[in-house]
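> build me a model:
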Amino acid sequence: MLSTTEIIFFTFNSSNPLRFDVTHKSMNSDNTTITASEFPIALLSLGLPLMIAAFNLSGTVAPFNLADILVTGLAVFGLLAEPFKNKRKQITPVWFNIGIPSLLIVWISYSFFTKLTHPLTETIPFLMEARPLLYLIVAALWVSIFTPPQPRQIAFWSGWLALFICAEFLYHQFGENISIQPHFLGNYTLTGPILLMGLCATLHNTSENRFTRILILAGIFCSLERDISFAAVTVMLLFGPKGILKKLILVLLLLVFNYISLIPQDMSLLSRTDLPNYWIWFSSLGLLANNPSLLLTGFPLSVPLPLNIPASLWNIWNEQHFVWSGLGIYLFHLTPFWLHILTTWGLGGICAIAATATILIRRYPSDMLASLISIVIITGFFSPIIYAPATGVVFFMVIISATQPEIQSFKFE
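Model (predicted):
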């Protein structure tokens, strides 16, 4: 993140039609070139929240599947771009050759072909469970064509998101003189993980990313989400710069902003929007306690859970879930990552994820990768992580970035 005023130029690379450059010309001549490899990061980390903000400012509600539409567009673009990746000379830019057809395909699909998917209704639970695999394929397809994004690019867009969150927080606090959580850019299940992934990306380089790291931390604290703030401070204590004073300041800021976060909730530890998560946690664990054998296999995907939504939570539940909310509670309604894995795949799923994380950190050791695994462990108790379209694609791209040779074995000294 550049600390000075920037002018952004978009140019096309004539030697490689699948590359476009965004050059940041700053007053201190610290130029940075951002390639097409980071386009999904920019689109989902900042573009999507800004779209949601635009809908909120216009007094309307953003489409619940807006993130799915954007991810579909990325997948279509990647598929159409695949044949062009080895071609060096094109008369017209790739964004004209592929971008416009991608937009048309996505628009036609969502406008005219959605009715044709009604026969697939019975397969929805299985399709919903396949989402992480689909997001991984989209991320892998994109980086195979455009190369993986760099940590500074990931941090750059998270830094801009943090800046907007800080601005909204300050506007509410001092402009309107009220204490509410920033919400115009989307809920914490979208902005929280993106900010945390950007924070992890700043741990790769101590000197170039110091300002961005501070900005992202400020955005995390101003979001007034306690689990996100706790994850950020934990990561910084474990993998951040050394120094007792720095760590003490972080802990004090955590306590201060956690106290501020209680003000919109009338000093209650539970907010209105968090109640369904707590209820589904206790209810699901109760089902597992009564059916110990399901701890090994998980519940069947196609059958709704034997749970009834309390009348007091129905409105909140219906606002948060848009698929089959009136036909029962299916496993894809259990959005907390660890609860979903436990109830769907049993203890075997937990062990598989633990084994995968262990293999990754041993094969590609770095503070960036270790911190990414840490935020999944912490935020997975309330956030869907890879089961949400935007954060899922961004997460897999950040993981791929963290496994690159230049990232490995980097640690703060």
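
> okay, CA-based contacts and neighbour counts for the rest of this
Fine.

> return the helix or strand in the chain with minimum mean pLDDT.
The weakest-scoring helix or strand in the chain, judged by mean pLDDT, DSSP states H and E, is strand 6-12 (a mean of 37).

> where in the stretch 101-250 of the chain is pLDDT low?
For the stretch 101-250 of the chain, the stretches flagged by pLDDT under 70 are 117, 206-207.

> give me the contact list for stretch 226-244.
Outside stretch 226-244, the residues within contact range by CA atoms under 8 Å, 6 or more residues apart in numbering are 192-193, 196, 199-200, 203, 206, 217, 220-221, 247, 250-251, 254, 258, 261, 367, 371, 374-375, 378-379, 411-413.

> what about those residues, which are in helices?
Where the contacts of stretch 226-244 overlap with helices, as defined by DSSP state H, the overlap consists of 192-193, 196, 199-200, 217, 220-221, 247, 250-251, 254, 258, 261, 367, 371, 374-375, 378-379.

> any idea which element the most centrally placed residue in the chain lies in?
Centrality entry for the chain: nearest residue to the mean C-alpha point is Thr391, 2.3 Å, by CA atoms, centre = their mean. Thr391 is located in helix 389-402, with elements delineated by DSSP states H and E.

> how far off centre is that helix?
Between the mean C-alpha location of helix 389-402 and the chain-wide mean there is a distance of 8 Å, by CA atoms, centre = their mean, to the nearest Å.

> show me the contact partners of it.
By CA under 8 Å, 6+ apart, the residues outside helix 389-402 that reach it are 40-41, 44-45, 67-68, 71, 131-132, 135-136, 138-140, 143, 148-151, 154, 190, 193-194, 197, 201, 364, 366, 368-369, 372, 385-386, 407-408.

> verify the contact between Thr403 and Tyr364 for me.
Yes - the pair Thr403 and Tyr364 qualifies as a contact (CA atoms under 8 Å) at a distance of 5.5 Å.

> could you measure from Leu50 over to Gln181?
Taking CA to CA, to the nearest Å as the measure, Leu50 falls 17 Å from Gln181.

> which one's more surrounded, those two?
Neighbour tally, Leu50 and Gln181, criterion other CA atoms under 10 Å: the higher count belongs to Gln181, 22 against 18.

> and that one, that's in a helix?
No - counting by DSSP: H, G, I helix; E, B strand; the rest coil, one finds Gln181 to be coil, located in no helix.

> if we can go back for a sec, average pLDDT across the helix holding Thr391?
Looking at helix 389-402 alone, the average pLDDT works out to 95.

> show me what counts as buried in stretch 115-134.
Ile124, Pro125, Glu129, Arg131, Pro132, Leu134 (16 or more other CA atoms under 10 Å).

> report the buried members of the contacts of stretch 226-244.
For these, burial is judged from neighbour counts taken by 16+ other CA under 10 Å, and it is met by 192-193, 196, 199-200, 203, 217, 220-221, 247, 250-251, 254, 258, 261, 367, 371, 374-375, 378-379, 411.

> okay, strands next: where are they in the chain?
All strands of the chain, identified by DSSP state E, fall at 6-12, 20-26, 32-34.

> next one: the residue nearest to Ser37 when sequence neighbours are not counted from Ile361, what distance?
Counting by CA to CA, 6 or more residues apart in numbering, Phe146 is the residue found nearest to Ser37 once chain neighbours are left out, at 4.7 Å. The spacing between Phe146 and Ile361, counted by CA to CA, is 25 Å.

> likewise Phe174?
Taking CA to CA as the criterion, Phe174 is separated from Ile361 by 44 Å.

> what does Ile400 give?
The separation that Ile400 has from Ile361, given CA to CA, amounts to 12 Å.

> quick one: low-confidence parts of the stretch 301-413 of the chain?
Checking the stretch 301-413 of the chain against pLDDT under 70 turns up 408-413.

> rerun at 80
Counting by pLDDT under 80, the low-confidence segments of the stretch 301-413 of the chain come to 318-327, 406-413.

> pretty sure Leu295 sits against Leu287.
No - in this structure Leu295 lies outside contact range of Leu287 using CA under 8 Å: 10.0 Å.

> any shared contact partners between those two?
Where contact means CA under 8 Å, 6+ apart, no residue is in contact with each of Leu295 and Leu287.

> enumerate the positions of the longest helix that the chain contains that are buried.
The helix of greatest length in the chain, counted in residues with DSSP H as the criterion, is given as helix 337-363. Within helix 337-363, the residues that qualify as buried by neighbour count (16+ other CA under 10 Å) are 337-349, 357, 360-361.
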